[in-house]
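Enquirer: can't give you the sequence, but here's the structure:
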């Protein structure tokens, strides 16, 4: 059973940066593709970025492309989301998730989820 714990959320100004981390335990981290999703109240969970098991292939949504970068360190069992040029519309709870499927943008493909970390971007 894989457990995921996010950290690094908080308050940032528009144009600023934050780095989210997601530490995994309880499983073989390198066996899973990882993703980041976000959700605001009243809306569906939205795909942000994903990375394959090796870290060699990444995917990102059009809304964050060029601003957010997903990466992973399998030796540290951790996946990261570097968020630059933040906008107020990036405000959301951010979740990391693990999947046996690579490159999937659908949250239903992810079987493991963290508890989420709040990111708030002020204008």
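Expert: Everything's here; your move. Worth saying up front: this structure is predicted, and the values here are computed from it rather than measured.

Enquirer: Can you tell me the centre-most residue of this protein?
Expert: What sits nearest the mean C-alpha location of the chain, by C-alpha atoms, centre = their mean, is residue 36, with 2.3 Å.

Enquirer: which residues sit against the helix or strand it falls within?
Expert: In this structure, residue 36 is located in strand 33-39 according to DSSP states H and E. The contact list for strand 33-39 (C-beta atoms under 8 Å, 6 or more residues apart in numbering) reads 20, 22, 45-53, 70, 72, 79, 81, 90, 92-105, 107, 110, 116, 119. (Glycine included, C-beta is placed from N, CA and C.)

Enquirer: ChimeraX command for the buried members of these?
Expert: The ChimeraX command for the buried members of those (criterion: 16 or more other C-beta atoms under 10 Å) is given here:
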select :20,22,45,46,47,48,49,50,51,52,53,70,72,79,81,90,92,93,94,95,96,97,98,99,102,104,107,110,116,119
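
Enquirer: averaged over its residues, what pLDDT does stretch 16-24 have?
Expert: Over the span of stretch 16-24, the pLDDT mean works out to 98.

Enquirer: ok so, going back, I'd like to know how far the residue nearest to the centre of the chain sits from residue 8.
Expert: 11 Å (C-beta to C-beta, to the nearest Å).

Enquirer: and for these two, which residues touch both?
Expert: Common neighbours of residue 36 and residue 8, using C-beta under 8 Å, 6+ apart, are residue 20.

Enquirer: quick one on the thing from earlier: same for the helix or strand that comes right after the strand holding residue 36, what does it pack against?
Expert: As assigned by DSSP H and E, the chain's next helix or strand after strand 33-39 is strand 46-51. Applying 3 or more C-beta pairs under 8 Å, 6 or more residues apart in numbering; DSSP states H and E, one finds that strand 46-51 makes contact with strand 33-39, strand 58-60, strand 68-73, strand 78-83.

Enquirer: and the second one, how far out from the chain's middle?
Expert: Right, the one you point to is strand 58-60. 11 Å (C-alpha atoms, centre = their mean, to the nearest Å).
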